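Chemist: I would like to see how this sequence folds:
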Amino acid sequence: MKISKGLMLAAVVLFVLNLTACGSKYSDVEEAMNGQATAMKNYIDAMEKAENAEDVAASINGFTSEMKELIPQLKEVMAKYPELSDEQAPPEELQVVSEEMRIQSEKLQGAMMKAMQYMQDPGVQKAIQDQGRIMMELAVE
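Modeler: Residues are numbered from 1 along each chain as shown. Next comes the predicted model:
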């Protein structure tokens, strides 16, 4: 499913960024992480309030728009710190952040499920396609 791949990619990127959000060495990573966390929270909140297909499409489009703005910054920090993508477990000082990421990921899955009930709507389909295209920019170097 395109919606799952795009949103899960966002969650993975946020998780990697969360693993690096300590100390001044990673201040740029922390800034990017905070931007993406805000985008995810906005998306989750909008999806929780969505009452129809139009609301769902607007929620998806809003998240896509926020992510489109963040992608250059996210790609920059991922390129600057390639070693962070190899991190198996967060350092002890990031355990709290990792737990918060786990919680946000669960909420994100719930938001994705709400979109599923409107998958036949042309506006939702277009929003999901647009989102998938934008989120793939994170994977392309």
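Chemist: tell me, which helix in the protein spans the most residues?
Modeler: Determined from DSSP state H, the single longest helix within the chain is helix 53-80.
Chemist: Could you give the number of residues near the closest residue to residue 28 other than its chain neighbours?
Modeler: Distances taken as C-beta to C-beta, 6 or more residues apart in numbering place residue 77 nearest to residue 28, at 5.6 Å, with adjacent residues excluded. From N, CA and C alone the C-beta is placed, and that goes for glycine too. Applying other C-beta atoms under 10 Å, we find 20 residues neighbouring residue 77.
Chemist: What pLDDT is listed against residue 77?
Modeler: According to the prediction, residue 77 has pLDDT 78.
Chemist: cool, the one 3 residues further on as well?
Modeler: Residue-level confidence at residue 80 comes out at 79, pLDDT.
Chemist: so how far is residue 126 from the nearest residue to it once chain neighbours are set aside?
Modeler: Leaving aside its chain neighbours, residue 80 sits nearest to residue 28 (7.3 Å; criterion: C-beta to C-beta, 6+ apart). Computed as C-beta to C-beta, to the nearest Å, the residue 28 to residue 126 distance reads 34 Å.
Chemist: and if you look at residue 73?
Modeler: 26 Å.
Chemist: So the two - more neighbours on which side?
Modeler: residue 73 (16 against 13).
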